[in-house]
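> Sequence and computational prediction follow.
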Amino acid sequence: SSQLSSLPLQILLYVNGIYYIFYFLATLAMIIYKSQVFSYPDELLAPDLAVLFLMAILEVPRSYLGFKGNLTEAEAPLGLSLGLTVGSVGLCVYLLLWQTYVLWADVLLNAALLSAYGLESGLKVTAIAAFVS
């Protein structure tokens, strides 16, 4: 039998996991910085932090299911991971476009994360297609 799991997907999942830790810490530090330097309305600080923490909570099962689905060559976990990626993309777009203050560093961090999500999603679809056929 041939091995159908995707090495590029596995590498990207690993690299994206490391990048996400950096992304989370940098975004949290920037939110704290913005709350100290700018006149950050208190009622808007909580939603921005909630989106960041919800994104972190989604990242754990998203990555786990991606790793598991790829290594076990199972479509269901990989499909669930793909669905969670859609949710993470939505939260990332919120942090890119609609958070209270968007700095150029926010744009760079979110653009890199969205690019990784896009590439990862394409590889997941390809892997699912290989597993099904």
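Looks like it arrived, so ask away. Because the structure is predicted, anything quoted here is derived from the model rather than measured. Numbers count the residues shown, from 1 in each chain.

> Okay, now the unreliable bits of this structure?
Where the chain drops to pLDDT under 70, the residues are 1.

> In terms of helices and strands, where is the residue nearest the centre of it?
Taking C-alpha atoms, centre = their mean as the criterion, Ser88 is the residue nearest the geometric centre of the chain, at 5.1 Å. Assignment of secondary structure by DSSP states H and E places Ser88 within helix 75-93.

> Just list what that helix packs against, helices and strands only.
Helix 75-93 makes packing contacts with helix 42-72, helix 104-132 when contacts are defined by 3 or more C-beta pairs under 8 Å, 6 or more residues apart in numbering; DSSP states H and E. Any C-beta I mention is one placed from the backbone N, CA and C, and that applies to glycine too.

> burial count for Gly118?
Counted by other C-beta atoms under 10 Å, the residues lying close to Gly118 total 12.

> returning to what we had before: as TSV, the helices and strands packed on helix 75-93 with distance to Gln10 would be great.
As requested, the helices and strands packed on helix 75-93 are arranged in TSV below (distance: least, C-beta to C-beta, whole Å):
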stretch	distance to Gln10
helix 42-72	6
helix 104-132	9
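
> Leu4: which of these is closest?
Taking C-beta to C-beta as the criterion, helix 104-132 is the member of the helices and strands packed on helix 75-93 that comes nearest to Leu4, at 4.8 Å.
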